[in-house]
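Undergrad: Pasting the sequence and the predicted model now:
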Amino acid sequence: MAPHAAAMVGAVGGVRPATPRCAVYSTVTGARLEAKAIDAGYFGRNVSQPVRFADAIGRMLEDGFVTFVEIAAHPVLAASIAECVEQRGVEATAVPPIRRARPERSALLQTVAS
């Protein structure tokens, strides 16, 4: 992926991030991001460095987040989040609001109930 990192930096070089309105956690650094850390180089590192998903979830748990809602057409990360939670021995919930082959309304209502 390293050859693609330079292309990514070039493609997004003109993008300037706004100050986030909520906490942003990075699977590049495994930590909470400040707005100034999100630049073209960050996106280049995102495609070429190892994914630090467990570190990012761990930091979120340390910062007090205990409810995770996966927003995706077909959720695949809720199980990984649950695994991270279990490894740390804390109380937290990971729910997907949409599930393949299930009516969207009933799946969403189940998520809200969770």
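TA: Cool, the structure landed. The shown structure was predicted, so the numbers you read here are calculated from the model rather than taken from an experiment. Numbering: from 1, shown residues only.
Undergrad: roughly how far is stretch 95-104 from the heart of the chain?
TA: Stretch 95-104 has its C-alpha centroid displaced from the chain centroid by 19 Å (Cα atoms, centre = their mean, to the nearest Å).
Undergrad: tell me which residues of it are tucked away?
TA: Neighbour-count burial for stretch 95-104 flags 95, 96, 97, 98, 99 (criterion: 16 or more other Cβ atoms under 10 Å). C-beta: built from backbone N, CA, C; applies to glycine.
Undergrad: How about stretch 55-65?
TA: With burial defined by 16+ other Cβ under 10 Å, the residues of stretch 55-65 counted as buried are 55, 56, 57, 58, 59, 60, 61.
Undergrad: With just CA atoms, put it into PDB.
TA: As requested, C-alpha coordinates have been extracted for stretch 55-65 and formatted as PDB (Å, rounded to 0.1, in the frame of the first residue of the first chain):
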ATOM      1  CA  ASP A  55      -6.000   0.600  20.500                       C
ATOM      2  CA  ALA A  56      -8.500   3.200  19.300                       C
ATOM      3  CA  ILE A  57     -11.400   1.300  21.000                       C
ATOM      4  CA  GLY A  58      -9.300   0.800  24.100                       C
ATOM      5  CA  ARG A  59      -8.700   4.600  24.300                       C
ATOM      6  CA  MET A  60     -12.400   5.300  23.800                       C
ATOM      7  CA  LEU A  61     -13.200   2.900  26.700                       C
ATOM      8  CA  GLU A  62     -10.600   4.600  28.900                       C
ATOM      9  CA  ASP A  63     -12.200   8.000  28.000                       C
ATOM     10  CA  GLY A  64     -15.600   6.700  29.200                       C
ATOM     11  CA  PHE A  65     -17.400   5.700  26.000                       C
END
